[in-house]
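Asks: need a structure here:
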Amino acid sequence: MKTKDLIQETFVSLKSNKARTGLTMLGIIIGIASVITMTAIGNGAKKSVTDSIESIGANLVIVSPGAMRSFSGPQMSRGGAKSLTIEDALAIEEEVRYVTDVVKVVSSQQQIVARGENTNTSIMGTESAYATVRSVELEDGVFISDQNVSRTAKVAVLGSTTRDDLFGIGMNNVVGERIRIAGTEYTIVGVAKAKGGSGMMSMDDVVYIPYTTAQRYLTGDKYLSNIFISAETSDLSAYVQNEIDALLLRRHKITDPDKADFSTANQADVIDIVSDVLGTLTAFLAAVAAISLLVGGIGIMNMMLTTVTERTREIGLRKSIGAKRKDINNQFLVEAIVLTLSGGITGVILGSLASLILNLTGVVTAEVTIGSIVLSFGVSALIGIVFGYYPARRAAKLNPIDALRYE
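Replies: Next up, the predicted model:
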């Protein structure tokens, strides 16, 4: 049978019962659309979280007092342990190689009041290099300066979310306004650009003040909540982390690393771990969605077996006038493949549209990749071959005399 005739016969056969063809394709369409959408959601979540972490600084090493806890917004931990000092930060700056910046941080959680409005947010006592290390850009005004730190100035830089909570969305000109933190009044000198994220991953729900001011008016002691260190490159961050561990163990006179009163985290390692976890989650979501593809494949096999039964006399007639077993086999196999590929194309389109709609709503971030589309087409073709092979072979093996006698 010529290829042209084979294709023509395939479409004639599929169009002869449009309702059954459409319902059979529906299983494949739903399966492919589900796989595309779930994979896009997983990829989007991975990209969103990775971008949020990288926005903090890909070369970043963070030193925290006490045992490592969890990532919570702008700082690493809010535990009560107190073991890091300004002298520790200065020693890291002087003795550890391949370090570009060392930033002292004093963090706290406080209620902020302005114009009768209030909000609970993170207070970051820090210095000028923080803006470079944590990639903070300003929407208005200036960031904390070294002069502010040396003078223990009562100045503040607001994150975009904090600005909106206190002054209302759309209120842009807040530089020069005053806020009250723990009973002390501060003058706003700048507003940071939005970095995105929400909840525990938000870098926008924060107020920056000089770390010396935070020590005097909020914590009342000389200790630091964190030390942020920027390595020259991300490849050197692991080396810098190890050098910092060794230095602080010596300074704190600790011989057993397991009993260290501080902990360090390498941002590059964190990105790798998060990427692996979210990659596994994406694969799991795709696997769950792929179950519907299996159901769709079974539906195709059922339809093709029904078609073989209905067309038994036709098969017998074709064989009696010279059609070979190979021709019959190819005819039914091509029908199954065309059916699945048509459903696959429709499923890819619907899955991509669903991902686009999710992005537009802002509920979740979804990212459709070329790989997921190619994989979907491949799976569609494979389903057509696997689930179409048995009905096609069964049709090809029919005895022409028995087929002609079939009622």
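
Asks: so what touches stretch 288-303?
Replies: Where contact means C-beta atoms under 8 Å, 6 or more residues apart in numbering, the residues beyond stretch 288-303 that reach it are 20-21, 23-24, 26-32, 34-35, 37-39, 336, 339-340, 343, 379, 383-384, 386-388, 390-391. For the C-beta atoms, the positions are set from N, CA and C on the backbone; glycine is no exception.

Asks: just the buried ones from those residues?
Replies: Neighbour-count burial (16 or more other C-beta atoms under 10 Å) is assigned, among those, to 21, 24, 27-32, 34-35, 37-39, 336, 339-340, 343, 379, 383-384, 387-388, 391.

Asks: in helices only, show me those residues.
Replies: Using DSSP state H, 21, 24, 27-32, 34-35, 37-39, 336, 339-340, 343, 379, 383-384, 387-388, 391 are the members of the buried ones among the contacts of stretch 288-303 that sit in helices.

Asks: can you map out the helices along the stretch 1-150 of the chain?
Replies: Listed in chain order, the helices found in the stretch 1-150 of the chain under DSSP state H, counting those that start in this stretch are 3-15, 18-56, 86-95, 130-133, 146-150.

Asks: wait, which of those helices is closest to residue 242?
Replies: With C-beta to C-beta, the closest approach to residue 242 among those belongs to helix 86-95: 12.6 Å.

Asks: return the distance of that closest one from the chain's centre.
Replies: The gap between the average C-alpha position of helix 86-95 and the chain average comes to 36 Å, counting by C-alpha atoms, centre = their mean, to the nearest Å.

Asks: with stretch 390-397 instead?
Replies: 46 Å.

Asks: also stretch 211-221?
Replies: So, by C-alpha atoms, centre = their mean, the centroid of stretch 211-221 is 37 Å from its chain's centroid.

Asks: what about residue 385, how many neighbours?
Replies: Residues lying near residue 385 (other C-beta atoms under 10 Å) number 14.

Asks: close enough to count as contact, it and residue 333?
Replies: Yes. The criterion here is C-beta atoms under 8 Å, and residue 385 meets it with residue 333 at 7.1 Å.

Asks: burial measure for the closest residue in space to residue 232 that isn't next to it in sequence, as a count.
Replies: Residue nearest to residue 232 in three dimensions, not counting chain neighbours: residue 98, with 4.7 Å by C-beta to C-beta, 6 or more residues apart in numbering. Under the neighbour criterion other C-beta under 10 Å, residue 98 is assigned a count of 16.

Asks: just residue 163 next, same as before
Replies: Other residues near residue 163 come to 26 when the count uses other C-beta under 10 Å.

Asks: check which helix or strand covers it.
Replies: helix 160-167 (DSSP states H and E).

Asks: what sits against residue 345?
Replies: For residue 345, counting by C-beta under 8 Å, 6+ apart, the contacting residues are 377, 380.

Asks: per-residue confidence for it?
Replies: At residue 345 the predicted local distance difference test score is 88.

Asks: and it, helix, strand or coil?
Replies: Classification of residue 345 into helix, strand or coil gives helix, according to DSSP: H, G, I helix; E, B strand; the rest coil.

Asks: could you measure from it over to residue 138?
Replies: Distance from residue 345 to residue 138, counting by C-beta to C-beta, to the nearest Å: 48 Å.

Asks: so where's the longest helix in this structure?
Replies: Every helix in the chain considered (DSSP H), the longest is helix 267-310.

Asks: give me the angle between it and helix 18-56.
Replies: Counting by axes from the mean of the first three to the mean of the last three C-alpha atoms, to 10 degrees, helix 267-310 lies at 180 degrees to helix 18-56.

Asks: just the buried positions in whatever helix or strand comes next after helix 267-310, please.
Replies: With elements assigned by DSSP H and E, the helix or strand that comes after helix 267-310 is helix 312-320. Neighbour counts over helix 312-320 (16+ other C-beta under 10 Å) mark 312, 314-316, 318-319 as buried.
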